[in-house]
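*Asks:* sequence? don't have it. structure:
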């Protein structure tokens, strides 16, 4: 998803999301605007696993904002055998 967004490919990025949330994120990316989305999403660092189950997983990434370390969860779901982002 990050690679697609930073390349300006919103449709490619949306393909990384589950069918339950893909349209919501398409609208979010379009509302944020290309340059802002590229800047914000491009700052996402590596993901760290919290748990991985048969068909769900949760990871997080860290960002320091105003001197405070914040953790942002990323939830995944397996859809037709492929891991997709449910929420981030």
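*Replies:* Right, received. Where do you want to start? Since the model is a prediction, treat every value here as computed from it, not as a measurement. Numbering: from 1, shown residues only.
*Asks:* For the protein, just list every one of the helices.
*Replies:* For the chain, the helices defined by DSSP state H cover 2-6, 10-14, 22-32, 34-42.
*Asks:* Tell me which of those approaches residue 82 most closely.
*Replies:* helix 22-32 (12.8 Å; Cβ to Cβ). C-betas here are computed from N, CA, C, even on glycine.
*Asks:* What residues of the closest one count as buried?
*Replies:* 22, 25, 29, 32 (16 or more other Cβ atoms under 10 Å).
*Asks:* where's the third one relative to residue 80, distance?
*Replies:* Separation of residue 29 from residue 80 (Cβ to Cβ, to the nearest Å): 23 Å.
*Asks:* now swap in the last one and tell me
*Replies:* As judged by Cβ to Cβ, residue 32 and residue 80 stand 28 Å apart.
*Asks:* Now the lengthiest strand in the chain: average pLDDT?
*Replies:* Ranked by residue count under DSSP state E, the longest strand found in the chain is strand 68-79. Strand 68-79 shows a mean pLDDT of 97.
*Asks:* ok, now stretch 33-53?
*Replies:* The model assigns stretch 33-53 a mean pLDDT of 86.
*Asks:* Tell me how far that stretch lies from the chain's centre.
*Replies:* 5 Å (Cα atoms, centre = their mean, to the nearest Å).
*Asks:* tell me the contacts of residue 43?
*Replies:* Contact analysis of residue 43 by Cβ atoms under 8 Å, 6 or more residues apart in numbering lists residue 63.
*Asks:* any idea how far residue 2 is from it?
*Replies:* Distance from residue 43 to residue 2, by Cβ to Cβ: 9 Å.
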